[in-house]
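*Asks:* Pasting a predicted model and its sequence here:
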Amino acid sequence: MSEDIKIREAVTCAIRHIGTGIYSSGKIRSYLIQKGYTEDIAVSAVRHLIDTGYIDDLRASRKVLATRSGKKQESRHYICRRLLEAGIDPDCADTVTASLPDDSDTCKALFEASFGKNCGDDVSDREEEFLKLAQLRGYSPETARFAFKRYMEG
């Protein structure tokens, strides 16, 4: 079977899998390889699907980002890692990550979503709890402390 026919077959297989869903280029490439297509065929099929608009890593990135706000907010570094794990092209992941708000702003938003916008008198006693949450979400201790200070100022 010629390579062109195998590529068309792989494209058809991927389109059936995609349906109306949103998938990244990496996930579809992995899916095709799992289905028995060679790396070269999978890459060519994915390139065709990107060129025709069936796959859009920017759109897939927005899907990932939609789940990482409010109480699930994460640092830029963690979000970039999450995008790469979702099969987003590294160049696209870098572009998306660079367009995100500053970590100190998103860390403050994490505190507000988790503990309320109106910080009470007992908040200063809970600083360690705030900082631990921030570090679990990938924020540096310096960023977390700065965001906590901003949170305390209202």
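*Replies:* Yep, that arrived. Residues are numbered from 1 along each chain as shown.
*Asks:* all contacts plus neighbour counts: C-alpha atoms, from now on.
*Replies:* Will do.
*Asks:* Relative to the whole chain's centre, how far out is the helix or strand in which residue 40 is found?
*Replies:* Element membership for residue 40, per DSSP states H and E: helix 39-51. Distance, stretch centre to chain centre, for helix 39-51: 22 Å (Cα atoms, centre = their mean, to the nearest Å).
*Asks:* now the helix or strand harbouring residue 83: how far from the chain's centre is it?
*Replies:* Counting by DSSP H and E, the element that carries residue 83 is helix 76-85. Relative to its chain's centre, helix 76-85 lies at 5 Å (Cα atoms, centre = their mean).
*Asks:* Packing partners of it?
*Replies:* With contacts taken as 3 or more Cα pairs under 8 Å, 6 or more residues apart in numbering; DSSP states H and E, helix 76-85 sits against helix 57-66, helix 90-98.
*Asks:* Span of stretch 75-95 from start to end?
*Replies:* One end of stretch 75-95 to the other measures 15 Å (Cα to Cα, to the nearest Å).
*Asks:* any residues touching that stretch, and which ones?
*Replies:* Stretch 75-95 is contacted by residues 24-27, 57-58, 60-61, 64-65, 68, 97, 100, 102-103, 106-107, 137-139 when judged by Cα atoms under 8 Å, 6 or more residues apart in numbering.
*Asks:* Over the helix holding residue 83, what's the mean pLDDT, rounded is fine.
*Replies:* Averaged across helix 76-85, pLDDT comes to 96.
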